[in-house]
Every structure is written in structure tokens, then in C-alpha cells.
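1. Just a sequence and a predicted model for now, questions to come.
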Amino acid sequence: MEKLRIESNTNISKIVLRSVPDRAGIAAEIFGALATQGFNVELVVTSGGTKGTADICLAVSQDQQRDIHSTLDKIRDEVQAKDVEADTAVALVSITGPNLSKVPGVAGRLFNALSNKGINIDVISTSLSSVTCMIAEEQTAAAVAALEGEFLEDRV
């Protein structure tokens, strides 16, 4: 397997926009407004629409959290979403590497390594070159150690 890296970020806040109307263009409207205000969104995950609504979860740096929350309060009203929630006690842990999506079992190994340390995963995001999990911030060091043990020691 090509060179893998384990990364973490504890300087993030989780923001969830609850019960967003599930319609074409809603994400463009929300993230266009955030971009116009100069916000950098580090991670986006949406739930599948149920009963005409979906939840949108995003991660932003903690220094943007207060300002983005007030902007999202306005967006919530404009798009008729139900609520905006924030959590600053979270972190992201990721495994990254070229062509990671072509390696069978990586996600399962990552989830198992975290589970074996009693670490609950709050949010999961994948791409062609990474698998990222949002976890409780207090478990970051244990998560990084678990992933390094699983992927960076002579086990790959």
C-alpha cells in the first residue's frame, strides 16, 4: 500500500443544521451564503432525506464557530430549517493516502481500531484519498495511537 498518513484536528466545531427542506439547490443556497461571508467549511456530511427534510453536518474551525452560527441562524430562517446546533468538544481523525478508495477493507479496519479502544464515531466522511471520523475531542490521542498501530506499523 502506498504511503499512508494519520491526521487529526482538534481545532474544529461541529455545526448541524437540522431538518433542512430536502429540495434541489438547498445545499448551493446554504454553502453559497457561507462562502459569501468568507467561511471555510472543512467537512460536510448530510443525512438522507426523510419525510422531506435532511440534516446537514459541517465542521469549521473553532475560531469561526460563533460567527458561522449567527450566519446559519439567518440561513435557518430563510430556508425554513428547524434548528442549528453546535458542539466544540469534537475532533477529526483521518487516514489519508493516494488511491485509498481502491484498497479493500480500509474503512472496516479503521472502524474496528477505534471500536477496540472504546471510541464512538459521531460522523463519517470518505473520499478517494481519505476516511475521516468525527469523535469526542478527549479521545483524539487514543484514536491517533489506535490508527497508527493499525496502519503504520508493519501490519499493512
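-> Ah, there it is.
2. who does the residue most central in space within the chain bridge with?
-> The chain has L43 as the residue nearest its centroid, 4.6 Å off, counting by Cα atoms, centre = their mean. For L43, the beta-bridge partners under DSSP bridges are A59.
3. and it, how far is that from G149?
-> 24 Å (Cβ to Cβ, to the nearest Å). Just so you know, the C-beta spots here come from the backbone N, C-alpha and C atoms, and that holds for glycine as well.
4. And this structure, split by domain according to the record?
-> The chain is divided into the following domains under automatic domain parsing: 5-10+89-151, 14-88.
5. Would you single out the least confident of these?
-> Among the domains of the chain, domain 14-88 has the lowest mean pLDDT, at a mean of 90.
6. Off-centre distance for it?
-> Taking the mean of its C-alpha atoms, domain 14-88 sits 13 Å from the chain's own mean (Cα atoms, centre = their mean, to the nearest Å).
7. now swap in stretch 74-89 and tell me
-> Distance, stretch centre to chain centre, for stretch 74-89: 17 Å (Cα atoms, centre = their mean).
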